[in-house]
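Asks: Take a look and give me a structure for this.
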Amino acid sequence: MSQFKEIQSRIKRFEQAAHSIFQFDETSASRVIDLHKTYKDIDQLSFEQDDLIKQGLRCLEHELYRAAHVMCWSAYIDYLETYSEADGFLKLNGVRPKWKITNITDIHEKLSDYALIEAMKDAKLITKGMMKSSHGLLHRRNECAHPSDYFPDLNMTLGYVSEILTLIKSIIDRRSK
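Replies: Next comes the predicted model:
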């Protein structure tokens, strides 16, 4: 049994060494490993958000790049909706009194992602820079979710997912101040 554990340990070390070497190759799927490390730094996601990110990473690993964009965007917008709910939607309704948001279902039924992001900026839940980044990410998500000439590759998708994770981390850091 001890010999079996030693073999498992060697295989694990070999796998880690291989990923550390191949992660620098532009076309290597080993680069996804870095995203997993970044993702593990974010500990304030709901079960649903966590699952959506994991599905996005699995899409990335299987070269389903457009699907990875859509799944990771879904996790991000769900995070924003949950964040805006933290005060019972008082800040959102304060900057958009006609909305009368009472729950996340209202957001899904009444608002576009674009409008939610703008209102969150006006309510000072996110910064202007975060709003602009979010709008850019939404645009790329839309190109992936609808017929378009946009066909992201590994590098583009790694960048997209990394931006999503970085924005979530920035919002978490901002909330904790």
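Asks: Helices of this protein, start to end?
Replies: With helices called from DSSP state H, the chain shows them at 2-22, 32-40, 47-61, 65-85, 90-95, 104-110, 113-122, 128-145, 154-175.
Asks: Any stretches of the chain with poor pLDDT?
Replies: 1, 14-39, 41 (pLDDT under 70).
Asks: let's see 50
Replies: Within the chain, the segments meeting pLDDT under 50 span 24.
Asks: Output the helices of the chain as a markdown table; include the columns mean neighbour count.
Replies: Placement of C-beta: from N, CA and C, glycine included. Listed next are these as a markdown table, based on neighbours: other C-beta atoms under 10 Å:
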| stretch | mean neighbour count |
| --- | --- |
| helix 2-22 | 10 |
| helix 32-40 | 15 |
| helix 47-61 | 18 |
| helix 65-85 | 21 |
| helix 90-95 | 16 |
| helix 104-110 | 13 |
| helix 113-122 | 19 |
| helix 128-145 | 17 |
| helix 154-175 | 17 |
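Asks: contact partners of stretch 43-60?
Replies: With contact meaning C-beta atoms under 8 Å, 6 or more residues apart in numbering, stretch 43-60 is reached by 32, 35-36, 39, 65, 67-72, 74-75, 78-79, 82, 154, 157-158, 161, 165, 168, 172.
Asks: and if you look at stretch 82-97?
Replies: Counting by C-beta under 8 Å, 6+ apart, 46, 49, 99-104, 107, 116, 119-120, 122-125, 171, 175 sit against stretch 82-97.
Asks: Next: stretch 115-124.
Replies: Residues from elsewhere that reach stretch 115-124 (C-beta under 8 Å, 6+ apart): 77, 80-81, 83-84, 91-92, 94-96, 99, 107, 111, 126-128, 130-131, 134-135, 138.
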